[in-house]
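Student: Prediction below, plus the sequence it came from.
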Amino acid sequence: MPHGEGNGYVKTVKRTGEKKAKCLSQPGQALRKHFESFEETPLAIAILTYLGYGILILFGHIRDFLRNWQIEKVPMAAEPIREGWVPLYQSFESFYTRNLYRRIRDCWNRPICSVPGAEFDLMERQSPDYGWTFNFTGKKVRAMNMGSYNYLGFAQSEGPCADNAEKSTRNWGVGVCSSRHELGSFEIHLELEKLVAEFLGVESAIAFGMGFATNSMNIPTLVGKGSLILSDALNHSSLVLGSRLSGAQIKTFRHNDMKDLEEKIRDAVVDGQPHTHRPWKKILIIVEGVYSMEGSVVKLPEIIRIKKKYKAYLYLDEAHSIGALGPRGRGVVDYWSCNPKDIDIMMGTFTKSFGSAGGYIGGSKKLIDYIRTKSHSACYAVSMSAPVAQQIISSMTIIMGLDGTDEGKRRIGRLAWNCRYFRRRLHEMGFIIYGNMDSPVVPLLLFCPGKIAAFSRECLKRGLATVVVGFPATPIIQSRARFCLSAAHTKEMIDHALSIIGEVGTLLSLKYSRMSGVPFSEDDVEFQTRYSYFLCVDKLKE
């Protein structure tokens, strides 16, 4: 990756000869330009980060020593010591929680008291004992919301989606109280599954009431002992849990590294099962569309090529990409202009882009019929409630344009433009930003542990609420703030957020990037052509 003239220096790239595209293009054109950034951590910052954690751990041991002598006033939660019994919890886990996490616990689990739209209300709270307990002050804090998965802005308490959900509540009630195999299948569930299949471009689909369980309970239905799972190293915990529950052999490949994947699948085909060397019953490749902690996008064309070459099956988790990527909002398959039939199992959730809850699996009718009869989620879990299903139907209808308006097209175009604009500006400001140029998840690297809480608190003071993440959820030297873009954000909101981030970044000395120039822009001809079928970029800027 090219470097600038010094730490924190970023040269602005000027583009010439590019003309604005007319609103004439059609969806489905192949994506030619692809950019992802994973700038290396500066050595000095890595050393300071390790040193920071070392100091925190040292002071934690000192505080524990003082607690034993009842000098330290802040209490601790400890498992009672019972002679002859093995502790239920590892000592370091409780040590980390009480000495590192709890002292900055105000940066997480902030209760809200409004719709989590572009802006929301937070309930102000104070802690008299360093995060052990919290007291509400009775005041509200109004803040810009850049932490919620509200990609297309359907988290609304008014409008057609809310109105239709209210009507379905009056017609069907708020709960089902039964599984799909017994009394839990309503007409609205069948309507939802038919619409999802049409949206994905597959033969059939099945919906579930919980997104996490869609992965964890259905992967064991598809593979078992004697099968092999090739899983991306950064797959979500629901995919990891489902893979472990299946009993299949699991091998991980380096994140989004197609060379490593092909080497592992080739070796697996040649060697066969351990000890017996018999051929694998099935080989299943499991990947995500957008990785929620890295902001990267799966290299789907390469994955499809490999899975066809080695006769493997492909399980694609589109939890963060469905609705948020592609000129038609149909996920990473639409983004890369791939054929949906090349993906054997298409999974996604309704929580991010549709403002609802639950998950789905789409594929061939034979596959979905098998899952419908064998899945633990279908057999034992309570069915999705009617208003939740109606919210999905209403929002998906708008995205597909079946409501007779261009509202869905406008939201897709707005989100795409917001992602490019926000990322470009952050790169130019000198921050280290991870991920794909079109990803709605934008990680900004903080590194040092003290800056995790400082960034969150300073941003909130200025009216910007976002998510900060540290070890063990990330590698120890890759703590970050994670911004989630939404179609509900206007350009004025994003500019205001960028102003706050720039101010806090300067205050905390976070501008570590040495990247010279930004090789993408919201003004790129290809980008404008790709989205002009739905809405001119000029109108997005208005």
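Tutor: Done, it's in.

Student: residue ranges of the strands in the stretch 351-500 of the chain, please?
Tutor: Residue ranges of the strands in the stretch 351-500 of the chain, as given by DSSP state E, counting those that start in this stretch, are 359-363, 435-436, 441-445, 464-465, 467-469, 480-484.

Student: my read: residue 197 touches residue 204, true?
Tutor: Yes - with contact defined as CB atoms under 8 Å, residue 197 counts as touching residue 204 (5.3 Å). Heads up, the C-betas are built off the backbone N, CA and C, glycines and all.

Student: if I look at those two, which residues touch both of them?
Tutor: The overlap between the contact sets of residue 197 and residue 204 (CB atoms under 8 Å, 6 or more residues apart in numbering) consists of residue 362.

Student: How many residues are close by residue 486?
Tutor: With neighbours defined by other CB atoms under 10 Å, the count for residue 486 comes to 27.

Student: Quick check: the nearest residue to it once chain neighbours are set aside vs residue 435, distance?
Tutor: Nearest residue to residue 486, sequence neighbours excluded (CB to CB, 6 or more residues apart in numbering): residue 150, at 4.7 Å. The spacing between residue 150 and residue 435, counted by CB to CB, to the nearest Å, is 18 Å.

Student: Which residue of these two possesses the greater neighbour count?
Tutor: Higher neighbour count among residue 150 and residue 435: residue 150, with 27 against 24, using other CB under 10 Å.

Student: wouldn't that one be in contact with residue 116 here?
Tutor: Yes - applying CB under 8 Å as the test, residue 150 and residue 116 come out as touching, 6.1 Å apart.

Student: picking that back up, can you say which of the strands of the stretch 351-500 of the chain is packed in most?
Tutor: Stretch with highest mean neighbour count among the strands of the stretch 351-500 of the chain: strand 359-363 (a mean of 26; mean count of other CB atoms under 10 Å).

Student: Give me the residues contacting that strand.
Tutor: Here strand 359-363 makes contact (CB under 8 Å, 6+ apart) with 193, 196-197, 200, 202-208, 210-215, 218, 319, 340, 343-350, 368, 371.

Student: remind me, longest helix of this structure?
Tutor: The residue-count maximum for a helix in the chain (DSSP state H) belongs to helix 43-68.

Student: by contact count, what packs against that helix?
Tutor: Secondary-structure packing of helix 43-68 (3 or more CB pairs under 8 Å, 6 or more residues apart in numbering; DSSP states H and E): helix 449-461.

Student: how far away is the residue sitting nearest the centre point of the chain from residue 329?
Tutor: The centre of the chain sits closest to residue 292, judged by CA atoms, centre = their mean, with a distance of 2.8 Å. Using CB to CB, residue 292 is found at 18 Å from residue 329.

Student: Is the residue lying closest to the residue nearest to the centre of the chain once chain neighbours are set aside part of a helix or strand, or is it coil?
Tutor: Once flanking residues are discounted, residue 292 sits nearest to residue 320: 5.1 Å by CB to CB, 6+ apart. At residue 320 the chain is in coil, as set by DSSP: H, G, I helix; E, B strand; the rest coil.

Student: Give me the pLDDT for residue 320.
Tutor: The per-residue pLDDT reported for residue 320 equals 96.

Student: how much space between it and residue 236?
Tutor: Relative to residue 236, residue 320 is positioned 9 Å away (CB to CB).

Student: shared neighbours of these two, which are they?
Tutor: Listed as contacting both residue 320 and residue 236 by CB under 8 Å, 6+ apart are 288, 292.

Student: Pick out whichever of those two has more residues nearby.
Tutor: More neighbours surround residue 320 than the other of residue 320 and residue 236, with 29 against 21 (other CB under 10 Å).

Student: Which stretches in the stretch 1-150 of the chain count as strands?
Tutor: Using DSSP E, counting those that start in this stretch, the strands assigned to the stretch 1-150 of the chain run over residues 36-37, 119-126, 135-145.

Student: Any buried residues in the last one, and which?
Tutor: Within strand 135-145, the residues scored as buried using 16 or more other CB atoms under 10 Å are 141, 143-145.

Student: Identify, from the residues you listed, the entry nearest to residue 247.
Tutor: residue 145 (41.3 Å; CB to CB).

Student: residues contacting that closest one?
Tutor: Here residue 145 is in contact with 116-120, 465, 486 (CB under 8 Å, 6+ apart).

Student: among those residues, who's most crowded?
Tutor: Highest neighbour count within the contacts of residue 145: residue 486, with 27 neighbours (other CB under 10 Å).

Student: OK, contacts around that residue?
Tutor: Shown in contact with residue 486 (CB under 8 Å, 6+ apart): 117-118, 145-146, 148, 150-153, 415, 418, 440.

Student: which of these lies closest to residue 498?
Tutor: Of all those, the one sitting nearest residue 498 is residue 146; the distance, using CB to CB, is 10.6 Å.

Student: burial of that closest one, as a residue count?
Tutor: Neighbourhood size, residue 146 [other CB under 10 Å]: 26.

Student: Over to residue 42?
Tutor: 16.

Student: Look up the pLDDT of the residue nearest to the centre of the chain for me, please.
Tutor: If you check residue 292, the pLDDT there is 93.

Student: and if you look at residue 14?
Tutor: Note on residue 14: pLDDT of 36.

Student: residues in contact with stretch 383-393?
Tutor: Contacts of stretch 383-393 with the rest of the structure, by CB under 8 Å, 6+ apart, involve 154, 161, 164-169, 171-176, 178-180, 184-186, 188-189, 191-192, 195-196, 207-209, 350, 354-358.

Student: tell me the mean pLDDT for that stretch?
Tutor: Stretch 383-393 comes out with an average pLDDT of 96.

Student: ok now it, how far from the chain's centre?
Tutor: Remark: stretch 383-393 is offset 22 Å from the chain centroid, using CA atoms, centre = their mean, to the nearest Å.

Student: can I assume residue 506 sits in a strand?
Tutor: No - counting by three-state DSSP, residue 506 is not found in a strand; it is helix.

Student: count of residues packed around it?
Tutor: 13.

Student: roughly how far apart are it and residue 430?
Tutor: Distance of residue 506 to residue 430, computed by CB to CB: 9 Å.

Student: do the same with residue 84
Tutor: 58 Å.

Student: And these two? Which one has more around it.
Tutor: Counted by other CB under 10 Å, residue 84 and residue 430 do not tie: residue 430 has more neighbours, with 20 against 4.

Student: ok so, going back, now, the contacts of strand 359-363 that are in helices?
Tutor: Judged by DSSP H, the contacts of strand 359-363 include 193, 196-197, 200, 211-215, 368, 371 as members of helices.

Student: Switch those over to TSV; also include pLDDT and neighbour count.
Tutor: Output for the ones in helices among the contacts of strand 359-363, formatted as TSV (pLDDT from 0 to 100; neighbours: other CB atoms under 10 Å):
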residue	pLDDT	neighbour count
193	97	20
196	98	24
197	98	20
200	97	24
211	94	22
212	95	18
213	95	19
214	96	28
215	97	28
368	97	22
371	96	22
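
Student: Greatest separation within those: which pair is it?
Tutor: Spatially, the most separated pair among the ones in helices among the contacts of strand 359-363 is 197 and 212, at 22.2 Å (CB to CB).

Student: Which helix or strand contains the residue nearest to the centre of the chain?
Tutor: Assignment of secondary structure by DSSP states H and E places residue 292 within no helix or strand.
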